[in-house]
Each structure stands twice: as C-alpha cells, then as structure tokens.
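K.L.:
the following block contains a protein sequence and its predicted model.
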Amino acid sequence: MNVKNIVKVMNFHALLRVDKSRKIAKKYAYLGDAVADMIDNIVNNRNIQLDFTIFKVDQSLPVLNIYLGGDLGFCANLNSNITRELWQDEEGYKIVIGRKIHAKHDDERVLLALSREEFEEDRSRVFSIVEDAFLNKRYSKINLIYNHYYSSSEVEFKIRPLYPLPRHLKSDNTYDEDFSYEGEIEPLLEKLIVLYLQYELIVAGEVSSAALNITRQNTTSESLKKIDEREEQRQMVERRETREKEFGKVLDNYTKLSQY
C-alpha cells in the first residue's frame with residue numbers, strides 16, 4: 001500500500017474533522033449564550049427575589065478537573081500537555097477523555113475514563129457527574145483542561161473554570177422587565193445552569209477536537225512534503241544512475257570501436 005496515499009487520506013480527514021468541530025462548537029456556543037442570557041435575566045432582574053445560596057461553594061472541597069485529549073496519533077505535543085497536567089494533579093478528582101492520555105495506574109481519584117469516540121457518542125455519563133457535582137455542591141471548582149483552537153496557526157493549552165460561573169455571567173446588567181413564573185424560580189435556574197454547563201462542555205470538547213485535528217493536519221502536511229522531497233531525491237538518484245549507465249555503454253562502444 002502506498003504510504004503517501006494513506007497520509008493524504010489522513011490529512012483530508014483531519015481537515016474535515018476540523019470543519020465539523022468548528023460548526024458544532026459554533027452551534028452550541030450560540031445555544032450556550034442564549035441560556036446564559038436567560039440565567040442572567042433571572043439573576044439580575046430587579047423584580048425577582050432570588051436565594052443566592054445556589055451560587056455559593058465551599059472552598060474547602062476538592063476540585064473536579066475534566067481532561068479533554070484525543071484518540072488519534074500525530075498530536076503528541078498536545079496530548080503530552082494534557083498528560084503532564086494530569087500526572088501533576090494529585091489532589092483533584094478527574095474525568096479523563098481520550099485514549100492518548102493516561103492517568104497514573106494507582107490514581108483512585110479518576111471518576112471516569114472514556115475514549116474521545118465514546119464521549120462523542122454518549123456524553124450522558126460525563127453530564128451526569130457534572131450535574132450531580134453542581135446540584136449537590138460536591139466540589140469547590142470544576143475545570144476544563146484542553147487545547148483551545150483559535151485558527152490553523154494558533155492553538156493554546158488552557159485550564160478554564162467551568163464552575164462557579166464567572167461573576168454570575170453578566171452581573172453588570174440589570175433588568176426591569178416584569179414576568180411571571182408559577183412555582184419556585186430556583187429549580188428553573190438550576191436546570192438552566194446545568195444546561196449551560198453541558199453546552200460549555202460540548203463547546204470545549206469540539207474546540208479541543210479541532211485543535212487536535214489541525215495539529216494532525218499540519219503534521220501530515222509536513223509528512224507529505226518530506227515524502228515528496230524523498231521521492232524527488234530518489235528520482236534524481238535514479239536519473240543519475242541511468243545517465244551513468246548510458247555513459248558507460250557509450251564508453252564501452254567507443255572502446256570497442258577503438259580496438260579495430
């Protein structure tokens with residue numbers, strides 16, 4: 001099988017995955033912003049009496065870190081950043097996503113370990129842990145640890161807080177709109193916050209997937225260049241050898257003619 005053709009296919013699929021991840025991230029970022037506006041309207045509305053204990057966390061509790069790595073090769077540097085941070089994390093509880101990142105064998109604080117494929121097919125297992133963590137206030141903080149895609153030339157390793165919500169979202173806003181809601185407002189707010197956390201997790205997952213695949217695409221592009229360079233060098237050697245053989249034949253013929 002031609003190695004160059006295999007690398008070309010890998011390169012093409014990586015580009016497709018980048019485009020797919022960007023589109024999904026954009027969609028869920030839009031949905032997340034819409035939910036954030038709803039939360040903001042409830043939290044900062046002058047007409048709503050809200051119990052703000054919903055946002056309070058116990059700083060003495062441990063941290064939950066969600067590590068987003070990848071399943072595919074040609075992304076060693078990005079996955080090694082995640083693994084390094086994972087191995088240095090001795091106090092926090094962990095969710096590990098991606099076959100290319102590995103926790104220590106004796107790490108009893110790993111709550112869940114999934115491949116990227118398993119996570120994308122069914123996010124409910126991660127969602128349930130995050131929902132339980134928020135509703136039952138099990139952790140002082142939830143962090144996302146991943147590589148953030150900005151462009152084909154810019155990828156950044158990030159440790160981003162998922163919860164507590166930053167400044168209750170847009171806390172500088174105030175709302176005067178009056179609206180009615182039957183029942184307690186806090187359960188609705190809790191559901192919206194859970195939904196917001198889920199959307200943010202999806203966005204981070206897709207953005208990190210784009211980062212991994214753009215790195216994979218860049219690496220395979222460099223590999224294709226090297227394959228072309230080696231092919232060109234091989235052809236140059238073959239042409240030189242062919243010329244030397246032809247010159248040798250001419251020289252032999254000339255030598256034979258000289259003998260007569």
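P.N.:
Noted; the coordinates are in hand.
K.L.:
all contacts plus neighbour counts: C-alpha atoms, from now on.
P.N.:
OK.
K.L.:
what ranges do the helices span in the stretch 51-200 of the chain?
P.N.:
For the stretch 51-200 of the chain, the helices defined by DSSP state H, counting those that start in this stretch cover 76-88, 116-121, 124-135, 185-258.
K.L.:
can you add mean neighbour count and mean pLDDT and give these back as CSV?
P.N.:
What follows is the helices of the stretch 51-200 of the chain, written out as CSV (neighbours: other C-alpha atoms under 10 Å; pLDDT from 0 to 100):
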stretch, mean neighbour count, mean pLDDT
helix 76-88, 17, 88
helix 116-121, 14, 92
helix 124-135, 16, 95
helix 185-258, 17, 80
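K.L.:
which one of those helices lies nearest to residue 152?
P.N.:
For the helices of the stretch 51-200 of the chain, the distance to residue 152 is smallest for helix 185-258, at 6.1 Å, taking C-alpha to C-alpha.
K.L.:
packing partners for the closest one?
P.N.:
Helix 185-258 makes packing contacts with helix 3-43, helix 124-135, strand 141-151, strand 154-163 when contacts are defined by 3 or more C-alpha pairs under 8 Å, 6 or more residues apart in numbering; DSSP states H and E.
K.L.:
most neighbours per residue, which of those?
P.N.:
Across the helices and strands packed on helix 185-258, the average number of neighbours (mean count of other C-alpha atoms under 10 Å) peaks for strand 141-151, which reaches a mean of 21.
K.L.:
between that one and helix 76-88, how many degrees?
P.N.:
Angle, strand 141-151 to helix 76-88, by axes from the mean of the first three to the mean of the last three C-alpha atoms, to 10 degrees: 170 degrees.
K.L.:
who are the packing partners of strand 141-151?
P.N.:
So strand 141-151, by 3+ C-alpha pairs under 8 Å, 6+ apart, packs with strand 63-68, helix 76-88, strand 154-163, helix 185-258.
K.L.:
any idea which of these gets closest to residue 115?
P.N.:
Ranking the helices and strands packed on strand 141-151 by proximity to residue 115 (C-alpha to C-alpha) places strand 63-68 first, at 9.6 Å.
K.L.:
now do that closest one: distance to the chain's middle.
P.N.:
Relative to its parent chain, strand 63-68 has a centroid offset of 13 Å by C-alpha atoms, centre = their mean, to the nearest Å.
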